[in-house]
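S.K.: Return a 3D structure for these sequence lines:
(one chain, ligands or ions: 1)
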Amino acid sequence: MNDVEPIGSPGAARGLKHPARRRGSYGIDAPQLLPFLALLAIGNVASAVLSRTAWPLIGAAAILASAAIGLHTSRRGKFLVWSDLLDQLALEGCERILDVGCGRGAVLLLAAQHLTTGRAVGVDIWDRKDQSGNSPDATLSNACHRDHSALGVDSVH
Ligand SMILES: C[S@@+](CC[C@H](N)C(=O)[O-])C[C@H]1O[C@@H](n2cnc3c(N)ncnc32)[C@H](O)[C@@H]1O
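M.R.: So this is what the prediction gives:
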């Protein structure tokens, strides 16, 4: 198991809500689900055509809506929710944070922005079935997209 150790920037210390715009590239969670859902939706449309009934189209619409919600959650929703949760924690900046399953660093790097003297550590097995493009390099690259003056990357073990 590897870990990546970014040091946080003083976003919270500046009293900012949602301290910085999301930068970098964070992939899609459970990427193998998308082709599966697409096939399922196509199957439902084919069934509607063959059976000459509209009912399977409702299933297709529900499947596509699920895929859209999943994509939204991966790309934007989880960042909004985690920003709010981290704001609510009212961190002082000196905390030590451990993110087990940090992936490409979505939560880890948001949390690190609330730190000044504290430290955020991410641990992961970087499984690409769980997140597309998952790798320590992707996490480090995202860490480097942050404010260089306040955020450094110590090491990858
Ligand atoms: C859905 S991703 C979420 C990643 C990140 N927390 C985020 O919100 O973007 C789940 C992460 O958990 C990691 N993971 C799964 N099993 C793990 C384990 N036993 N130990 C550490 N990480 C694990 C995967 O590699 C993946 O990066």
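
S.K.: Buried residues, the helix or strand containing Ala65. List them.
M.R.: Element membership for Ala65 (DSSP states H and E) is helix 55-72. Buried residues in helix 55-72, defined by neighbour count with 16 or more other Cβ atoms under 10 Å: Pro56, Gly59, Ala60, Ile63, Leu64, Ala67, Gly70. Glycine gets a C-beta too; all of them are placed from N, C-alpha and C.

S.K.: Serialize these to JSON lines and add fields for pLDDT and distance to the ligand.
M.R.: Output for those, formatted as JSON lines (pLDDT from 0 to 100; distance: Cβ to the nearest ligand atom, whole Å):
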{"residue": "Pro56", "pLDDT": "97", "distance to the ligand": "30"}
{"residue": "Gly59", "pLDDT": "97", "distance to the ligand": "26"}
{"residue": "Ala60", "pLDDT": "97", "distance to the ligand": "26"}
{"residue": "Ile63", "pLDDT": "97", "distance to the ligand": "20"}
{"residue": "Leu64", "pLDDT": "97", "distance to the ligand": "21"}
{"residue": "Ala67", "pLDDT": "96", "distance to the ligand": "16"}
{"residue": "Gly70", "pLDDT": "95", "distance to the ligand": "11"}
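
S.K.: coming back round to it: what's the mean pLDDT across the next helix or strand after the helix holding Ala65?
M.R.: Using DSSP H and E, the helix or strand that follows helix 55-72 towards the C-terminus is helix 78-89. Mean pLDDT, helix 78-89: 97.

S.K.: Going by neighbour count, list what's buried in whichever helix or strand comes after helix 78-89.
M.R.: Counting by DSSP H and E, the next helix or strand C-terminal to helix 78-89 is strand 96-100. Neighbour-count burial for strand 96-100, counted by 16+ other Cβ under 10 Å, picks out Ile97, Asp99.

S.K.: Same check on stretch 109-119?
M.R.: Leu109, Leu110, Ala111, Ala112, Gln113, His114, Leu115, Thr116, Gly118, Arg119.

S.K.: Not counting residues beside it along the chain, what's closest to the residue nearest the centre of the chain?
M.R.: Nearest to the geometric centre of the chain sits Ala106, at 4.2 Å (Cα atoms, centre = their mean). Residue nearest to Ala106 in three dimensions, not counting chain neighbours: Tyr26, with 4.9 Å by Cβ to Cβ, 6 or more residues apart in numbering.
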